[in-house]
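Novice: Sequence plus predicted model, see below.
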Amino acid sequence: MRIATANAFDNTIAQLTRRQADLAKQQERLSSGKQVLKPSDDPVAATLAETAKNKLARNEADLRALKASRTSLEQVESGLGESSDLIQQVRELFVTAGNGAFTDSEREDVARQLESLRERLVAVANRTDTNGRTLFGGLGGSSTPFVDTYTASGATVVFQGQRGQAAAGNTSLPSTLDGDAIWMRVPQGNGTFTVSLGAGNTGSVRTDMGEVSNLSAVTGDAYQIAFADVGGQMQYSITNTTTGLPVAGQTGMPYQSGQTIAFDGLSLTLKDGPAAGDTVDINPVSASTDLFKVVQNAIDALRVTGTGANAQRTQALTQSLTELDSAHDRVLLARGRAGEWLNRADSLDSLLGDRSAALKIEKSNLEDLDLIQGISDFQTQQTALDAAIKAYAQVQKLSLFSAI
Amino acid sequence: MSSALTIGARALTTNLAALQVIGHNIANVNTEGYSRQSVQLSTSGYQQFGNGFYGKGVEIATVERSYNAYLTREARSTSSVAAADSARLDRLTQLESLFPTGDSGLGTAINDMLNAWGDVSSSPSNLTARVVVLSEAEDFATRLRNTAGQLDLMALNSQQQAEGIVGDINKLAQDLVTVNKQLQEAGGSRHTPNDLLDTRDKILAQLSQQVQISTMEADNGMVNVFVAGSQPLVLGLQANRLEVTRDPADTSRIALSFVQGGQSTRVETGLLGGGELSGLMTFINEDLTDVRNQLGRLAVGIATTLNEQHKLGVDLKGNPGQDFFVPPASARGIAAASNTGTASITATVSDPTALVASDYDVRFDGSNYAIVRLSDGNTQTFSSLTPAPVVDGLTFTLASGSLATNDSYRLKPFEAAARDLQVALGSPERLAAASPVQVTPGTGNAGGLSVESLYAISLPATGATVAFQADGTYTINGALPGTPFKPGVPIEANGWSLTLRGTPTAGDTFTVGASSTTGIGQNAGNAKAILDLRERPTFEGVALADGYVGLFSNVGTRVQSAKFASDFSASVAQTAETARSNEAGVNLDEEAARLLQFQQAYQASAKFLQIAQSTFDSLLQTVGR
């Protein structure tokens, strides 16, 4: 087989060029540390690496959102803690105010303190985070969710946020709590019925909050206990004011201070002496009250004067105390929930952190050069180029012309 | 006596001539396209004498050229294919550099832009987060426009290069005609005009680098050259021309036409077969167009999807959201040159999740309208263009006029989309992060359900009440039967989508109604909707946030397969060329050996002449006085 001289040189040059190009490419890989420099080097690896990068970016965004939520939740939790402290202070004042030896001015003092505590409670509920988002606004709504309005019937707080609780997602947490559910849903009285003294009472009769003794017998009607002096003995009669009928077996019953009256599944204890014509009203609970109204009721009760004011006051404060405890429970419940979410934030943080690490490893496996393999390949190619050059140098010396 | 001198003289001249031919070979060892020449010696006949036949010496029959037609043809055609693949690979490698992966790529820009909405969702009244969204969107639009601009530049360069190559081809054709003429003049003689034939073959080799040719040789060495199957580029002494023309239906593609005798006929680029021109044409008409369409589809898909959701939101001032990006313009149909009708057809995007990256043709055959997807030839036929047919997420509307029989209109919905993408919003307050609907739980709800997201999915979004039954199903506005509830799965009705989590209790209700205007600063419903868009399958099933992956992997795969093809065809071409030149090339060692051979023969002939002369001298000495 003949070999043309020119062609032999051309082929050798082509080989050398190819080896040099391979060496240069390997050098580029080594200096950049990447196996896949362009998508065409390995389209599959490039695609997977880019997808991993996208997931990594998404993870980072989720971590950022989680951090923001955690900051808000920490503020929520501390706000609820402060609210709980304030409620404790209110409670102490309620107990103090029940002291019968107080004068009007001392009671006025207590009332003023309660007013300032009420204002602070409203302020805590209206807290916002550093970005201007309300902490207790629920799903949105006004930037001031709890608005104190002054109407003819007194001061009421109106909820102008958006009722409803934001949900925790797979990798996210809510940043706000539903303030309406925390402070605006306090059950009235004992939850089923309220007991109030008639407005024109002159005696000193008062009751406790009452309880439900037999749930199935509760009718949900309103009742009135009327006292009458019959032959020197105080008697009471209970009328079902909804139906207008007297309650069976509760007409003309003798009254004793401290006795417990039970009827239609309800029972309550009456204390002290009523005057003739005094009434005690029992009303079923229809709507919820709110914490601020509870405090306001107590403030109003402290300012009541006139005959029978003591009894009215005591009755109102008893009711307020019970309602305050219910409100406190709700605040503690919400605080517990916020704490639980903060715990979840920790575990989500570590979950997302683990995911980031795994994605980085995946991306690196696909894209990065194994340095040891790379260096060894580089050495091999260097040797090959060296061998090709030396072989060429040897062969081109051989020519018949140098011998003749 | 005289015959001895004649024999000697002839031998001397013959050997000298042989040495000259060898010298010519040695001198041309590195000349490209040179075929080795060798002398054919033959005896000069014989003379018959009484005692036998005496030979009359040696003479040169002819100088022969070492040439194998089959190997030469093989080398030519394989080098054509190799040139085509190599030209296409070069261009594709350049194209690939426009689509980097990693931080400088479009994928990062898309994801940064979409993920920035997360910060807006955390704090909707924070203007800084909104400004970040707008600036990320600007970055994305800028990168897209830059890439499109580079693509345009590349197309222009390639088209100019194609014109240059066509010019080269035409010039080579003219050169061939000159050689043909010389061959004709030298023809008729018994001997082959070797060097002229080498020149001719060299021109043919250069020509086949540019475009695949087939040749037909006449006896006198004149050659006829055909391109693109059967178009006669050179016929004897006449050369015809190739020309680059703009495709009348599509200014981004170019076409070739063959000009013969004043008439020009269109050349199908698929018939070119090989050569740099063929590789370049494939790149311009197929690869570049495909990639441009894919880039355009990316732009249209993202812009339209984002615009649609943005318009379903409410901005910080309480106004309904505007377009986030400037909406991509509708494509206008370009009439083919042979059209006789007067129709004006437009294509508008109606469903961004169904788009396919391709150009479209609308054709009328007299009774039916065919809408052809040019990337794979898929055709759908319609009997009428009203109501406007929807194909691949595009609505084709006949704006005015009508199509005549055999009319064809080309529509390119994605060509200019990436080039013209702009962010339409200027101020961060116009970012529509709020949702137009809000949900209010019933006052008697047990509290086991919480709201994950609520946003509008189409306008108008009207209110409704979702009520939960005892069996765990929910009804909308009381319509029975109820649908089973799954936490985390959206409830869609009346143009909105509500996602709840938790456990329902019988009697729980959720009322969806219009958002209050006072709560805009706390409302981030639409921002959540845009975050959910990241997962929406938009590009033939691929999620929106991963749209770039399909694009660059398509380019990468093209380059990789072009590289394999180029490597393969280059090695085949090299083998064929080696085979040809091994047959026809000069081997210096061989020439050196032959040099010695003929030098010895010359010395021997010279010695013979000397001996012949000395015999004459001794004869004269003997006879003379």
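Specialist: Yep, that arrived. Numbers count the residues shown, from 1 in each chain, chains lettered A, B, ... in the order given.
Novice: Paired strands for the longest strand anywhere in chain A, with orientation please.
Specialist: Ranked by residue count and defined by DSSP state E, the top strand of chain A is strand A:141-151. Using DSSP bridges, strand A:141-151 pairs in its sheet with strand A:154-161 (antiparallel).
Novice: Tell me which stretches of the stretch 51-200 of chain A form helices.
Specialist: A:104-125, A:179-183 (DSSP state H, counting those that start in this stretch).
Novice: Give me the buried positions along stretch B:327-346.
Specialist: Neighbour-count burial for stretch B:327-346 flags B:328, B:330, B:331, B:333, B:334, B:335, B:336, B:339, B:341, B:343, B:345, B:346 (criterion: 16 or more other C-beta atoms under 10 Å in any protein chain shown). The C-beta positions use only the backbone N, C-alpha and C, and glycine is treated the same way.
Novice: That stretch: end-to-end distance?
Specialist: Using C-alpha to C-alpha, to the nearest Å, the end-to-end distance of stretch B:327-346 comes out at 15 Å.
Novice: same check, this time on stretch A:191-209
Specialist: 10 Å.
Novice: re earlier: which residues touch the longest strand of chain A?
Specialist: Applying C-beta atoms under 8 Å, 6 or more residues apart in numbering or on different chains, the contact partners of strand A:141-151 are A:119, A:122, A:125-126, A:128, A:132, A:134, A:136-138, A:155-162, A:179, A:183, A:292, B:125, B:516, B:518-519, B:521-522.
Novice: Stretch A:172-179 too?
Specialist: Stretch A:172-179 is contacted from outside by A:62, A:65-66, A:68-70, A:72-73, A:76, A:80, A:125, A:129, A:133-139, A:145-146, A:159, A:161, A:163-168, A:334, A:337-338, A:341, A:344-345, A:348, B:122, B:450, using C-beta under 8 Å, 6+ apart.
Novice: Name the next helix or strand downstream of the longest helix seen in chain A, please.
Specialist: What stands out as the longest helix in chain A, according to DSSP state H, is helix A:309-367. Once the chain leaves helix A:309-367, the next helix or strand it forms, by DSSP states H and E, is helix A:371-397.
Novice: Show me what that following helix is packed against.
Specialist: The contact analysis (3 or more C-beta pairs under 8 Å, 6 or more residues apart in numbering or on different chains; DSSP states H and E) places helix A:371-397 against helix A:5-32.
Novice: tell me the mean pLDDT for the helix it packs on?
Specialist: For helix A:5-32, mean pLDDT is 91.
Novice: ditto for stretch A:379-389
Specialist: Rounded mean pLDDT across stretch A:379-389 is 93.
Novice: Now do the phi/psi pair for the most centrally placed residue in chain A.
Specialist: The centroid of chain A falls nearest to residue A:177 when counting by C-alpha atoms, centre = their mean (4.1 Å). With angles defined as degrees, to the nearest 10, residue A:177 sits at phi -110, psi 160.
Novice: Mind pulling up the pLDDT for it?
Specialist: Here the pLDDT value assigned to residue A:177 is 92.
Novice: Buried among the contacts of strand A:141-151? Need that as a selection in ChimeraX.
Specialist: Entered in ChimeraX, the line below selects the buried ones among those, by 16+ other C-beta under 10 Å:
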select /A:122,125,126,128,134,136,137,138,155,157,159,160,161,162,179,183,292 /B:125,516,519,521,522
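Novice: In this structure residue B:411 contacts residue B:363, no?
Specialist: No. At 11.4 Å, residue B:411 does not count as touching residue B:363 under the criterion of C-beta atoms under 8 Å.
Novice: which of these two has more neighbours?
Specialist: A side-by-side neighbour count of residue B:411 and residue B:363, using other C-beta atoms under 10 Å in any protein chain shown, places residue B:411 first with 22 against 18.
Novice: which residues touch that one?
Specialist: Each residue near residue B:411 by C-beta under 8 Å, 6+ apart is listed here: B:331, B:332, B:333, B:334, B:345, B:346, B:347, B:359, B:360, B:361, B:362, B:396.
Novice: Check the spacing between the first one and residue B:418 real quick.
Specialist: Noted for residue B:331: a distance of 14 Å to residue B:418, by C-beta to C-beta, to the nearest Å.
Novice: And for the fifth one?
Specialist: Taken as C-beta to C-beta, the spacing of residue B:345 relative to residue B:418 amounts to 22 Å.
Novice: Please apply the same query to the fourth one.
Specialist: Here residue B:334 is placed at a distance of 19 Å from residue B:418 (C-beta to C-beta).
Novice: For the longest helix of chain A, name the packing helices and strands.
Specialist: In terms of contacts (3+ C-beta pairs under 8 Å, 6+ apart), helix A:309-367 is packed against helix A:43-97, helix A:179-183, strand A:193-197, strand A:206-207, helix A:291-302.
Novice: Tell me the first helix or strand C-terminal of the shortest one.
Specialist: Tracing the chain past strand A:206-207, the next element assigned as helix or strand by DSSP H and E is strand A:211-212.
Novice: Walk me through which strands that following strand pairs with, and which way each runs.
Specialist: Going by DSSP bridges, the partners of strand A:211-212 are strand A:266-271 (antiparallel).
Novice: Pull the residues that contact the strand it pairs with.
Specialist: Contact partners of strand A:266-271, identified using C-beta under 8 Å, 6+ apart, comprise A:192-193, A:195, A:205-213, A:218, A:223, A:225, A:236, A:255, A:257-261, A:280, A:282.
Novice: so who does residue B:299 touch?
Specialist: B:144, B:328, B:414, B:417, B:418, B:421.
Novice: is it true that the fourth one touches residue B:302?
Specialist: No. The pair residue B:417 and residue B:302 fails to qualify as a contact (C-beta under 8 Å) at a distance of 10.0 Å.
Novice: Between the two, which has more neighbouring residues?
Specialist: Higher neighbour count among residue B:417 and residue B:302: residue B:302, with 30 against 27, using other C-beta under 10 Å.
Novice: Tell me how far the more buried one lies from residue B:440.
Specialist: Per C-beta to C-beta, residue B:302 is found 34 Å from residue B:440.
Novice: Also residue A:404?
Specialist: From residue A:404 over to residue B:440 the distance is 108 Å, taken as C-beta to C-beta.
Novice: of the two, who's got more company?
Specialist: Each of residue A:404 and residue B:440 has its neighbours counted (other C-beta under 10 Å); residue B:440 has more, 18 against 10.
Novice: Get me the contact residues on the stretch 1-150 of chain B for chain A.
Specialist: Within the stretch 1-150 of chain B, the positions near chain A by C-beta under 8 Å from any C-beta of the partner chain are B:29-30, B:93, B:96-97, B:99, B:101-102, B:105, B:107-108, B:111-112, B:115, B:118-119, B:121-126.
Novice: and residue B:594, what does it touch?
Specialist: Applying C-beta under 8 Å, 6+ apart to residue B:594 gives the contacts residue B:22.
Novice: again with residue A:263
Specialist: Contacts of residue A:263 by C-beta under 8 Å, 6+ apart are A:223, A:238, A:247, A:249, A:250.
Novice: from the residues you listed, which would you call buried?
Specialist: Among the contacts of residue A:263, the ones that count as buried by 16+ other C-beta under 10 Å are A:223, A:238, A:247, A:250.
Novice: Alright, I will stop here.
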